[in-house]
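Q: test case, fold it:
(2 chains)
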Amino acid sequence: MCETCGCNITHGNESLIRPGGKLAKTESGKEAVTVLHSLLHENDHAAQHNRDHFDRHNVLAVNLMSSPGAGKTSLLEATIQQLDPNLRIAVIEGDLETENDAERIRKHGVKAIQITTGSACHLDAHMIHQAVHNLDLSALDIVFIENVGNMVCPASFVLGQHQNVVLLSVPEGDDKPVKYPVMFRAADLVMISKSDLLPILNDFKSEKAKHYLHDIACTAPVIELSSKDRSGMTVWLEWLDQQIAGRKAYLQTYRKATPLHGALSPHLHTLNHPVHSNKAVK
Amino acid sequence: MHELSLCQALMQQVDNIAQEREAEGVTKIVIGLGPLSGVEAQLLKNAFPIASVGTVAETAKLMINDLPLRVKCGQCGAESDVTPNKLLCKNCGDWRTTLISGDELMLMSVELEKHKEPEAVH
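A: Predicted coordinates:
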């Protein structure tokens, strides 16, 4: 939803959020001002800016979200090993503390930027913006963002990603979608991870997980994957290929239609930061 | 606990509005919150006094309006009031519904304290 065109006001909520007129003077020298802005206005603005960065270089940005320990880093390690070697990738890692996950990625020869959030429970678009400026986007095809392990807060903060992948690991139970509807509704792909455990933890039923996803009107496709025995990897890698192709086709059409705007326009850098360079910082 | 970061973002917006309109203070802030916003009203209320200290809205009253959760069915077109973990159409039972209200996290209005107009001297 945005604040500029009023699309956040629907006929479902209109009667409740429109008080009187635009400006209503009260008797006691007070002024009531109608605002109707998202509280996340600043973050949304920064996220769009990040998206512009990615689009200028035809880079696909994928945000991975899950509980802690659902297998995000293992998925990335398996992906690095099996991905088409022509695809150039980098990883932005979000953790409260330590560089451990980034180091795991770097061992595979892939650039990883670690963001340590301290006490913050999520990544926000401003943190991603700083990380983006430490990456050479012109030499990349995919940027994976591994969000802080948390099923609540990351769902509220868009980062500029093109796709959200939400991991639901088998030990967590198949009813997670109805416990965390905001998170799962944000998913573009739901991945049932650690699927090698399905025969052991047989009270987890993938069909039930899908049923719960329907309960929250989540239309995202569901795949099963094990980073350990590598089952499901082909489907995952195909999905990534489709997203890259889809993104490129979209940008081509968009640039043809609006040659003076958007991703091809001169870079108007409205975000405030001292260094503006897309060159990699070591 | 992202309610504190949200409250800080809120303070920034309120401060901008107060400055634009040359207000002396802010007396009331009204937030609209949908059940699928991912934010707890009570946590937002708890974070407010912390985030507002030293700002123009330090003494403002925070009001939170709960917005309804409604979906429109993609199959039969009916609209239903639903709950956060059951977004099915109440008319035909289909799951392919679209949210028409309920994920808002919105600053709806602020009430500002204005400079008192000097009385005309005769």
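Q: from what I see, A:Glu146 and A:Glu93 are in contact.
A: Yes: here A:Glu146 lies in contact with A:Glu93, judged by C-beta atoms under 8 Å, at a distance of 5.1 Å. All C-beta atoms are positioned from the backbone trio N, CA, C, and that covers glycine.
Q: what touches both of these two?
A: Residues touching both A:Glu146 and A:Glu93 (C-beta atoms under 8 Å, 6 or more residues apart in numbering or on different chains) are A:73, A:101.
Q: so how many other residues sit close to A:Asp95?
A: 20 (other C-beta atoms under 10 Å in any protein chain shown).
Q: backbone torsions only: list them for it.
A: phi -150, psi 160 (degrees, to the nearest 10).
Q: give the bridge partners for it, please.
A: A:Thr116 (DSSP bridges).
Q: check the gap between it and A:Ile105 for me.
A: A:Asp95 sits 12 Å away from A:Ile105, going by C-beta to C-beta, to the nearest Å.
Q: then A:Val91?
A: Distance from A:Val91 to A:Ile105, by C-beta to C-beta: 5 Å.
Q: comparing those two, which residue is more hemmed in?
A: Between A:Val91 and A:Ile105, A:Val91 has the larger neighbour count (other C-beta under 10 Å), namely 28 against 24.
Q: what does the host helix or strand of that one rub up against?
A: Element membership of A:Val91, judged by DSSP states H and E, is strand A:89-95. Contact with strand A:89-95 is made by A:73, A:76, A:79-80, A:83, A:99, A:101-102, A:105, A:110-117, A:122-123, A:127-128, A:131-132, A:135, A:140-149, as judged by C-beta under 8 Å, 6+ apart.
Q: for that strand, list the C-alpha coordinates in CSV.
A: C-alpha atoms of strand A:89-95 as CSV (Å, rounded to 0.1, in the frame of the first residue of the first chain):
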residue,chain,number,x,y,z
ILE,A,89,25.3,-14.1,-6.3
ALA,A,90,25.9,-12.2,-3.1
VAL,A,91,24.3,-12.6,0.4
ILE,A,92,23.2,-10.0,2.9
GLU,A,93,23.1,-11.6,6.3
GLY,A,94,21.0,-10.3,9.2
ASP,A,95,21.7,-11.5,12.7
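Q: circling back to that earlier point, can you say which of the contacts of strand A:89-95 are buried?
A: Among the contacts of strand A:89-95, those scoring as buried are A:73, A:76, A:79-80, A:83, A:101-102, A:105, A:110-115, A:117, A:122-123, A:127-128, A:131-132, A:135, A:140-149 (criterion: 16 or more other C-beta atoms under 10 Å in any protein chain shown).
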